[in-house]
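S.K.: Build me a model from this:
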Amino acid sequence: MKPTKKRIVTVSGGNGSAITLRALAPYAGEALTLDALIPTSDSGGSSGRLRQEFGVIPPGDILRAVLALSKYDFETLREIFYKTRFENLGSLNDHNLGNLFLAFAREYAGDFMVAVRALEQAVGAVGHVYPITDMPTELCVRLSSGKVIKGEAEIDRPDYDRTDTIVDAWLEPVVEASANALALLKAADAIIFGPGSLYCSVIPILLVSGVKEVLASGSARLIYVLGSGYELHGETGARRADEFVSQLEYYLPRPFTTIVY
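M.R.: This next block holds a predicted model:
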């Protein structure tokens with residue numbers, strides 16, 4: 001009897017999703033279906049500029065996830081589509097090819113998901129990537145001092161005292177999860193969170209309206225892939241493994257089934 005194909009959904013930002021997707025991509029097809037859910041709260045760099053100028057969902061994290069699902073060499077694709085930033089080209093300066101393609105294809109087609117699917121076809125992706133919501137939003141955190149920081153870029157690369165730690169997070173405005181995202185979470189056999197920045201990559205997805213309710217009622221295994229380190233100059237959140245788990249579970253409706261460290 002042919003084994004049942006497993007439905008796997010990853011939940012993280014661009015860098016974290018890419019790690020998990022690259023590990024699972026060789027098994028996509030016969031053994032499993034593979035989809036990625038990506039936050040839409042990125043506010044810095046090329047993605048932030050395109051978001052402000054075109055009102056587009058920040059494309060950078062989605063781009064990296066699509067490239068990680070490609071049947072072609074990831075490092076080569078990342079160099080071409082993501083890492084190379086344009087110079088001495090006026091308004092194109094500091095953008096990359098992939099972000100511009102997603103933003104301009106959305107303008108041409110009138111639908112951001114059409115742009116994402118076009119990129120997936122171009123690179124031979126073995127799964128699909130979805131933004132968790134159809135709207136861009138701002139990540140906000142409250143620090144232990146009571147100070148409020150708004151914008152993922154400011155949270156990811158803080159210029160305040162690093163002893164002032166994150167104690168709470170929310171989105172402004174509150175946005176609804178897309179129907180596609182909720183359907184994926186509901187049908188999943190396993191949902192893999194991380195690796196990646198806790199507050200800038202994983203938690204923003206859990207803050208989107210509708211996500212907790214689906215996770216609470218679903219039967220999917222909740223798996224957390226905890227990285228072996230954290231950025232010394234990144235967000236001022238968790239520092240120890242137990243803190244990462246407890247702070248992430250605070251935003252979940254039920255505990256993890258498995259933790260990979």
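
S.K.: Show me where this protein dips below the pLDDT cut-off.
M.R.: Residues of the chain meeting the criterion pLDDT under 70: 1-3.

S.K.: Show me the helices in it, by range?
M.R.: With DSSP state H, the ranges of helices along the chain come out as 14-24, 45-54, 60-68, 74-78, 97-109, 112-123, 152-156, 179-187, 203-206, 211-217, 241-249.

S.K.: mind listing what the closest residue in space to I19 that isn't next to it in sequence touches?
M.R.: Of all residues not flanking I19 in the chain, P195 sits nearest, at 5.8 Å (C-beta to C-beta, 6 or more residues apart in numbering). Bear in mind the C-beta positions are built from the backbone N, C-alpha and C, glycine included. The contact partners of P195, taken as C-beta atoms under 8 Å, 6 or more residues apart in numbering, are 12, 16, 19-20, 225-227.

S.K.: Filter those down to the buried ones.
M.R.: Buried members of the contacts of P195, scored by 16 or more other C-beta atoms under 10 Å, are 12, 16, 19-20, 225-227.

S.K.: Of those residues, which is the nearest to R240?
M.R.: In terms of C-beta to C-beta, no member of these lies closer to R240 than L226, at 10.5 Å.

S.K.: Output the contacts of P195 in JSON lines, with distance to L207 appended to each entry.
M.R.: Output for those, formatted as JSON lines (distance: C-beta to C-beta, whole Å):
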{"residue": "S12", "distance to L207": "14"}
{"residue": "G16", "distance to L207": "16"}
{"residue": "I19", "distance to L207": "22"}
{"residue": "T20", "distance to L207": "20"}
{"residue": "V225", "distance to L207": "20"}
{"residue": "L226", "distance to L207": "20"}
{"residue": "G227", "distance to L207": "21"}
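
S.K.: What is the nearest of these to L215?
M.R.: Proximity of the contacts of P195 to L215 was ranked by C-beta to C-beta; the top entry is S12 with 15.1 Å.

S.K.: neighbours around P131, how many?
M.R.: 26 (other C-beta atoms under 10 Å).

S.K.: How about S46?
M.R.: That count, for S46 with other C-beta under 10 Å as the rule, works out to 24.

S.K.: go on, A109?
M.R.: Neighbour number of A109 under other C-beta under 10 Å is 13.

S.K.: How about K5?
M.R.: Residues near K5, counting by other C-beta under 10 Å, number 13.

S.K.: I'd say it and T33 touch.
M.R.: Yes: if you go by C-beta atoms under 8 Å, K5 and T33 touch, sitting 6.2 Å apart.

S.K.: follow-up on the earlier one: pick the most buried one from the helices of the chain.
M.R.: Of all the helices of the chain, helix 60-68 has the most neighbours on average by mean count of other C-beta atoms under 10 Å, namely a mean of 28.

S.K.: Give me the phi and psi for the closest residue to E231 other than its chain neighbours.
M.R.: Among residues not flanking E231 along the chain, S197 sits closest, at 7.4 Å (C-beta to C-beta, 6+ apart). When quoted as degrees, to the nearest 10, the phi and psi of S197 stand at phi -60, psi 130.

S.K.: Roughly how far does S197 sit from L207?
M.R.: 14 Å (C-beta to C-beta, to the nearest Å).
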